[in-house]
Structures are given as structure tokens and as C-alpha cells.
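Chemist: after the sequence you'll find the predicted model.
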Amino acid sequence: MKGRAIATLAAGVFYAGAALAQSPVYSITPELEAAAKKEGNVVYYTSIDVKVAEDLAKAFEKRYPGIKVHVERNGAERQFSKIGQEYSSKIYNVDTVNSSDASHFIYWKREGWLAAALPEEVMKLYPKGSYDPQGFYAPMRASLSVIAYNTKLVSAADAPKSFKDLLDPKWKGKLVKAHPGYSGTILTATFQTSRDLGWAFFEKLAGQQVMQVQSSTEPPRKVVAGERAVMVDGNEYNVFLEKQKGAPIEVVYATEGSPLVVGPSGVMKFAKNPNAARLFHAWTFSLEAQQIAVDDGGLRSFHPGVKEPAGRKPLKDIKLMKEDPISVDKQVEELKSRYLRYFKT
Amino acid sequence: MAGRAAGPDLSGPVLAASGLFLAGLVCLPIGWLVAYAFSDRAGDPTLSNFVALIDDPTLFEPLVTTFGISICVAVAAALAAAPLAWIVARTDMPGRRIVRMLMTASFVTPPFLGAIAWEILAAPNSGILNKVWRDVTGAEDALFDVYSFAGLVFVISCYTAPYVFVVLSNALDRIPADLEDAAGILGAGRWKVVIGVTLPLALPALLAGTLVAFLQAMTLFGSPAILAIPAGFHTVTTKIYSLFQFPPRPQVASAAAIPLLAVTITLLWLQAKVLGRRGYAVVGGKNGEPRLVALGAWRWPVLALTLATLSLPLFLPYAALLKAAVSRVPSGPFDLANLTSENFTFVFFEFSQTRLAFSNTFVLAIATATGGTVLALLVASLAARRGGFYGRVLEFLATAPIAIPGIVLGVGLFLAYTRGPVVLYGTLWILLLAFLTIEMPAAFQQMRAAFRGLHPELEEASRILGADRLVTLRRITAPLLKSGVIAGWCLIFIGVVRELSAAVMLSSSATKVLSVVIFDLNESGNLGAIAVIGVAMLIVTFAVVGIANLLSGAGAGTRLRSG
């Protein structure tokens, strides 16, 4: 333990020195492109929906032929355990990572597992405060965790308007929600909801015979299938994607506010393909990639140039719960054990 | 002495080497398991993990649930499989061969895939069967809720019953008619012969199969992970898995695995005690052919019942998967609006892991099956023919891994091979080791049951004529056991394709296997893509198993008869 603390400290000092010596800001140059092509591969760990991740990978491969993107999609919390196992065993599989749990980046930065790599475009265009000033991570995507209902099973008038409405006995056995032990989105959402509404909300919710699934991508699918009428939480972007396909689902922005979930990306310190990782990382923040993420992925973007598709309520018009990854990082164990106490899994 | 130039007898060194390898294979993960179970987070010795296991209801309840499930599954699997095996092996029911093939097919189906298919069929609201039930009867409630204890038992039984079936039907094939004839001549009726002679002779195989079913149910991870979490309870394996979520608690997880290990050892010990060592050798050098019971007018009802049983693990789930493969919403209406090819496009053209996962899976399956068969054969022959303390130790080593949940084995191997001198994580080797360890017991049980039913007189003849132990094994014993050997190979092959729990811990993005790909896709609810991958994977598996079965059908019978 003590040895590790010293190592972390030493790493911190090393970083401080390195940061002074060399700016983390970089842009996509022909040299970076050439070096990346030489590596030829980039391993991308992400918790984004697998179809969206593969769409991004394909677009990148088209833009930069000769570089193959290996998508490794896992729920954010599983991905977090995996990277933890791998890095503690000095296995450096992952080149660049994206997680729907922003607190992971606080942990990885503290452990010295991230490289300082801040794309110039992010520094110039993205809102100040949305990215790490030292360049260890930046917000590749954002989404909300929302309530949604099956429009064939529930009329708009009957649909819940708030989290409190979900506690009505009429929803007993008709709700589905995802699990904070697997999904970063849901962990973040659980933190914000329990902070703003109190744990009593979850204690009562557990009495509603809620169907429990793992990933935050799944509740919208269960609602579309009609397995449950209403989802308590889950990705706004999957609801958009289902709607685009014509599925009978409608989103509800709870009157108490909807949890905002930012999904940052970072480059790993010991990436085997550091140049390809930086190239891919920078590209994912470009207008091209961000527009794909928004159009095809249903995500929210911090890039000011991105055009929101018609029919989606703009972020500024939605009441949001406040994001606070630093507190999530501190309370993660408590969050999971309280959840277990109420929901048994 | 020998009529030919005999080389040195290598059987001693070869057997010693395989024994050592097996010991390493098994002791390493068990060693890690025990060491972790008795240490605290700082690595100091403690009993606190076991205290937590009893004190903390979130740890104790899964333990009770798991034993409940295992007992129910073992009973259900034996009750379903025993009559089926007898019908197929010992009666003249029409279509026996096809039924046997279909049963093998349900054996090939990975339990997690079956669980996903049953979600599509019997989810309480969107499940196809429940929708039909509501439409037909106008009932409010679901006919069957797959997200429940009973649902989980049912789905696990569907895919563990074939274990009992395969072991039992193979044993029934080998029981000759002499004894049954003798009973018949002495005046016993047809059913009295079945109950008084055939059944007792098949009992060791039935018990062995049921035991495997029990242990499979106990250590299974995929089906509970898919069905129990939505149902709101944990089994030991899903609990162990969740204990590796951040912050990981491998110590408590290891302690939670110890009761499984203890139960398994006790059961295996009991089995050895009850059955004794050599009481049931029936296949000698001179036997009559097995005689079939004529069903007469009962042929068609029996066939109908057999097919109805087969629809549960096979016809219904496969129909559901095929439907999901071409549907936008897996359980949606069966109409044009819901029809799509997007799942195929996604799997074969967009999803970057498809090709790699296919090649990894089948390379591993063939390598493990071949290595594992050789090892199981060596150990089984030694244990059966030499006996003694060394034989018993080997026997234990070859059976013990069945008690280690794959997920814990995965962690043990992860810990062992991610630090020097040999770093195997991220390579296929670590998966090969894991699969070899996990699948060994099933193959070994199969070989041992085969050896138990084989009288040593033929081998003794060979030894007397001057062949050494290995030559005898290769030229006499192995051919006699050919169908058993090939069944063992298939068991491992299928086992590897089905394996999820260790793979989930050990595969990396470069060494992904299909089961893990499917599990990842299920986590996010991509049922359509799962259906496409699952069906493609089964087609390849059937092809391989089909070829192996053709080989087995040609050889074994003729050789036995000419002996």
C-alpha cells in the first residue's frame, strides 16, 4: 500500500514535470497520421452502444484507410473492472477509452493511467470546464437518463410525468430499469437521483416489482418489445434510435430533472498504438464524428458546430440534474451497497 | 517373451507426466482459490470471509438459492433424460436415430443461448408463448414467467438433461442382451427385465450423468446471469461475478466458491462409495447384441411424447431464434413490417468482432478437445486399471475442476498468468488452459464410465501376448472404447463452444470468443444480432459433431461384435 502510494506520488511529480515541459495540446498533423498508419491498429474500449461504436469505427476507417479500429464494447462498470485488472497486471491492451461514468477518469487520472492528450479542437471549441485542463480527458458525448413509455400500452395522458409518479401502484410490475453495477450511466443517474430525491425514492421503487436489466441500452428495448410499459431509467439516445426506426416509444423528461450523463474519452498512458490512439481520439471530437454521434447515435454533443436533428428537445430546454463525478468517485461503494439492499441484485 | 522387438515400456513416464500436468492444471487455480478465501484485503490470514458468508444475507441467500436450483435441476434432468435414453437405446420406436441426433443438438446448444431464446418465448409480457396464451384464453396473467426461480430451473434443465441422456444412452448401448435374456428365460416379464436388470446395470451411468447435471447447474453462470438478475435474485456464480465489480472482492468471492467445492467432493466421494470400483463390468469379450423392446401399438404415442419433450430445448427455442434473426423486434408480430435483414448486415459486415470470435472459438474448441481427450483417456485408463492411491489421486484431480465455478477458475488463472515468468493473458493459451481444466471432468467421467463397463480380460490378453500398457491402450482399449472416446471429444468440443464463465474473465479484445460476444450483446439487449451469431455458431458446431458421430457410428459396434 505504502509502496503504491509513493509510486503514485512519483508518477504525479513526473506528470507535473512533463506537463510543464510539454503542452498536452495537439492537432491532427500529417506526421501524426503517418505514424498512426504505421501502427495500423487502434483498440477502442467503450461503453457506448455497440452499433453506434461500430458506426464511428467504420467512419474513421473510411477517413483514414489502413488503420483498423478494434471495438471492445462493455458496460462502463465492467469495462472499469477490466481495465483495472489489466493495468494492475501491466497488461496494456487498451489504446483509447470512452466511458459513460465520468468518475472513472478521475480514478484513472489519479492512478496515472491516462496520457495527457488534448485535441486542439476541444480546447478551442468545447466549453471551458467541460474538459480536463491538463488534457487527460474530454467530453466525447453526453446523454440523459430518461423515463420513457410504450405508446401502444400507455396513453400520453396516462404517462408518468415525474419520478414520483412512478411510485403510483398502477405501475406495479410494469417498470423496467437498468443496473448501476453494470452501467455507468445508471450509476451516475442513481447518484444524482438519490441526491436530489433521497434514497427513500429507491426504497419505495423497489416495492414496485421492477424488472432489472444490466445495461442502460436495454430498457428502451424492453419497452419497445412491450415486456414492460415504462422504463425508470436508460439512455435517451437509445430511445431516439428506436423512435427513428418507428418503434412505439416516447421519452419523458421528469419534472424533477433528468440525470445528465457525460461520457468522456481519454488516451491510455501505456497505449501500444499511441499515435493511432491520439489520431482516433482527436477525430472523435471533430465535427464529422460528433455529427455522426448525434445523427446516427442519438447522442448529445458539446461541439458548438453540431446541428441537432429536428424533433429532439434541445438540451437547454430540459431541466437537468447536476453532474458531479468527483462525488460519484468518492461514494461509489456506498451507492452500490445501498442499491443492493433495496433491489437484492 | 514378446513376439516382436518391443521398445521400452514408456507407460510409467507418460502416465507420471500426465499426472503432473493434471496436478498443475488443477492445483494452481484451487491453490489460488483457497489462499484467497483465507486472506483479507491486505493478504493476511483470516476467517472473516467465511463469517461474512453466513452473516451477510446478500451472500448467504445466493448459496441457498443455488443448492435449491441444483437439486431441482438434477431431479428434473434425470426424470426427463432417463426414459428418453432408454426409449432411444432399447426400444424399436420409429425415428430413434433422428431423436438421438436431435438430443445431441440440444446438447450442443449453449445454455446461455437457450436462456436468451426462452426470454423471447416466455418473458411474462412480450414472450411469444405468453402472448399466444393471452390471445387464446383471454387470461390476464402469463402462462409461464421465465424470470423466476421455476423459470430458471426449467431453462437450465433443458440444457443439462442432455448430459444425463448422452452418458446413459451410451451405457445402455453397451449393456448386452445376455443378462436380460437370462432373466427372460427365467420367466421375468418385459418390464420386470427393464426394472430388474437393465436399470440396475445402467445405474452407474445414470448416477454419473445426474451428478454431472447437478454440478453443472451449480456452477453455471450464463443462464442465471441472463434470467436471475431480471428476476431479482442471485445465484452463487452471479454473486461471485458481481463481487468482481469495482472495487473487486476476490477474497469473499473465493470463500463463496468453497462450499461448492466441498459439496462436489462429498458427492464424488459418495458416488465412489456407493458404486464401488468394479461391480458393473459387463462388456467382455463374448457378448450378444443388445435386444430391443418391441413397443407395438405404443410406438406412435411414445414418439409423440418424445418429440414434445424435444420441443422444449430444441424446436421452440430454435424457432424463436430464427424469428429473432429476421425481426426488428425479436418477439414482435410476425409480419412484413417487422421483417428485416439488418441483423445479418450488422453481424457480418459491421460488427468488427464476428470473424475473429468465430476463428478463436473453433481453434480453441478443436485444440482443447484433442488435448483433453488424450489426457482423459490416459488418466481414466490408469485410474481404472491400476487403482491404488495414485490412481485415486489422479481420479480426484481429473474430477475436481467440476467444482470450481468457471468464473473463479478464470480469476485464478488470471492471477497466475498475468505476472511473470509466463504471461499468458491476452493470448489464446490462457483460454486453452482454462477450457482444458473445465471440460476435463465431463470427458473423464465419460471415459471412466466406459472403462468401468469394459472387462479387463481383453487388455489382459494383450498384455499376456507381450504388448506394453500404452500399446494395449492404443490398439485394444481405445478401439473398444472408440464411441466413448469420440463422445468424449465431442463433449469437450461442445463444452468449449458453450463455455462462458471463465471466458468472460479471460478473453481480451484480441482473444474474444463467441460466448463472450453473445454475452456482451445480451448485456445491451441486441437480441437480433445474438440470434444471427448463435444460429451461425450452431451450424458450424453441428457440422463438426455430425462428422464425429459418423466416425463413431461406423467403428465401435463392428469391433465389439467381432471381439
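Modeler: Sure thing, it's come through. Numbering: from 1, shown residues only, chains lettered A, B, ... in the order given.
Chemist: ok, which stretches of the stretch 201-350 of chain B are helices?
Modeler: B:222-231, B:236-243, B:250-275, B:299-310, B:316-325, B:342-345 (DSSP state H, counting those that start in this stretch).
Chemist: what packs against the longest one?
Modeler: This means helix B:250-275. If contacts are counted by 3 or more C-beta pairs under 8 Å, 6 or more residues apart in numbering or on different chains; DSSP states H and E, helix B:250-275 sits against helix B:11-37, helix B:48-55, helix B:57-90, helix B:199-219, helix B:236-243, helix B:406-417. In this view, the C-beta of every residue, glycine as well, is placed from N, C-alpha and C.
Chemist: switch to 7 Å and redo it
Modeler: helix B:11-37, helix B:48-55, helix B:199-219, helix B:236-243, helix B:406-417 (3 or more C-beta pairs under 7 Å, 6 or more residues apart in numbering or on different chains; DSSP states H and E).
Chemist: how distant is that helix from the center of its chain?
Modeler: 18 Å (C-alpha atoms, centre = their mean, to the nearest Å).
Chemist: any idea of the mean pLDDT for that helix?
Modeler: Mean pLDDT, computed over helix B:250-275, is 83.
Chemist: helix or strand: which one has A:Ala142?
Modeler: For A:Ala142, the enclosing helix or strand under DSSP states H and E is strand A:138-144.
Chemist: in chain B, where is pLDDT below threshold?
Modeler: Along chain B, segments meeting pLDDT under 70 span B:1-11, B:275-290, B:385-387, B:403, B:418-421, B:552-563.
Chemist: what does it put close to chain A?
Modeler: When proximity is defined by C-beta under 7 Å from any C-beta of the partner chain, chain B lies next to chain A at B:58, B:123, B:125-126, B:147, B:229-230, B:232-234, B:242, B:244-248, B:328-331, B:346, B:350-352, B:414, B:418-419, B:425-426, B:508-509, B:520-521, B:523-526.
Chemist: burial count for the closest residue to chain B within the stretch 1-150 of chain A?
Modeler: Residue of the stretch 1-150 of chain A nearest chain B, by C-beta to the nearest C-beta: A:Ser89 (3.5 Å). The tally of other residues near A:Ser89 (other C-beta atoms under 10 Å in any protein chain shown) stands at 16.
Chemist: give me phi/psi at it?
Modeler: Per-residue torsions, A:Ser89: phi -100, psi 20 (degrees, to the nearest 10).
Chemist: also the one 5 residues further on?
Modeler: Comment: the main-chain dihedrals of A:Val94 come out as phi -90, psi 140, following degrees, to the nearest 10.
Chemist: and it, what is it in contact with?
Modeler: Shown in contact with A:Val94 (C-beta atoms under 7 Å, 6 or more residues apart in numbering or on different chains): A:Val43, A:Tyr45, A:Ile83, A:Met268.
Chemist: ok, and the closest non-adjacent residue to it?
Modeler: Nearest in space to A:Val94, with sequence neighbours left out and distances taken as C-beta to C-beta, 6 or more residues apart in numbering or on different chains, is A:Tyr45 at 4.5 Å.
Chemist: please name the nearest non-neighbouring residue to A:Phe240.
Modeler: The nearest residue in space to A:Phe240 (C-beta to C-beta, 6+ apart) is A:Gly298, at 3.3 Å.
Chemist: these two touch, right, the one you found and A:Tyr237?
Modeler: Yes: counting by C-beta atoms under 7 Å, A:Gly298 does reach A:Tyr237; the two are 3.4 Å apart.
Chemist: looking at the two, which one has more neighbours?
Modeler: A:Tyr237 (28 against 22).
Chemist: export the helices and strands packed on helix B:250-275 as TSV, with columns for mean neighbour count.
Modeler: Below are the helices and strands packed on helix B:250-275 laid out as TSV (neighbours: other C-beta atoms under 10 Å in any protein chain shown):
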stretch	mean neighbour count
helix B:11-37	17
helix B:48-55	15
helix B:199-219	23
helix B:236-243	25
helix B:406-417	25
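Chemist: redo those helices as CSV? Include distance to A:Ala200.
Modeler: Below are the helices and strands packed on helix B:250-275 laid out as CSV (distance: least, C-beta to C-beta, whole Å):
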stretch, distance to A:Ala200
helix B:11-37, 37
helix B:48-55, 26
helix B:199-219, 38
helix B:236-243, 25
helix B:406-417, 35
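Chemist: what about the longest strand in chain A?
Modeler: strand A:258-268 (DSSP state E).
Chemist: and the residue nearest to A:Phe240, helix, strand or coil?
Modeler: coil (DSSP: H, G, I helix; E, B strand; the rest coil).
Chemist: list the contacts for the residue nearest to A:Val94?
Modeler: A:Glu72, A:Gln79, A:Ile83, A:Val94, A:Val97 are the contacts of A:Tyr45 under C-beta under 7 Å, 6+ apart.
Chemist: tally of neighbours for the third one?
Modeler: Translated: A:Ile83. 25.
Chemist: give me the pLDDT value at it.
Modeler: Looking at A:Ile83, the pLDDT reads 92.
Chemist: SS state for it?
Modeler: helix.
Chemist: excluding chain neighbours, what is closest to it?
Modeler: A:Ile83 sits nearest to A:Val94 (C-beta to C-beta, 6+ apart), 6.1 Å away.
Chemist: ok, that neighbour to A:Val43 distance?
Modeler: 6 Å (C-beta to C-beta, to the nearest Å).
Chemist: would you confirm that B:Leu436 contacts B:Gly372?
Modeler: Yes: B:Leu436 sits in contact with B:Gly372 when judged by C-beta under 7 Å, with a separation of 5.4 Å.
Chemist: and those two? Which one has more around it.
Modeler: B:Gly372 (27 against 24).
Chemist: what's near enough to touch the closest residue to A:Lys177 other than its chain neighbours?
Modeler: Once flanking residues are discounted, A:Lys177 sits nearest to A:Val232: 3.9 Å by C-beta to C-beta, 6+ apart. Residues near A:Val232 by C-beta under 7 Å, 6+ apart: A:Ile147, A:Leu166, A:Leu175, A:Lys177, A:Leu205, A:Val210.
Chemist: moving along the chain from the helix or strand the residue nearest to A:Val94 falls within, name the first helix or strand you hit.
Modeler: Here A:Tyr45, judged by DSSP H and E, is contained in strand A:41-46. Once the chain leaves strand A:41-46, the next helix or strand it forms, by DSSP H and E, is helix A:50-63.
Chemist: what's the angle from the strand holding A:Tyr45 to helix A:50-63?
Modeler: Put simply, strand A:41-46 runs at 150 degrees to helix A:50-63, going by axes from the mean of the first three to the mean of the last three C-alpha atoms, to 10 degrees.
Chemist: could you give the mean pLDDT of strand A:41-46?
Modeler: 95.
Chemist: taking strand A:258-268 as reference, get the angle to that strand.
Modeler: 150 degrees.
Chemist: in its sheet, what does strand A:41-46 sit against?
Modeler: Pairing partners of strand A:41-46, with direction, according to DSSP bridges: strand A:68-73 (parallel), strand A:96-98 (parallel).
Chemist: the very next helix or strand once past the shortest one close to chain B?
Modeler: When you say that, I think you mean strand A:96-98. Per DSSP H and E, strand A:96-98 leads on to helix A:103-111 as the next helix or strand towards the C-terminus. No: on the criterion C-beta under 7 Å from any C-beta, helix A:103-111 is out of touch with chain B, staying 8.6 Å away.
Chemist: and the two most separated of the contacts of A:Val94?
Modeler: The distance between the two most remote of the contacts of A:Val94 (C-beta to C-beta) is 11.4 Å, for A:Val43 and A:Ile83.
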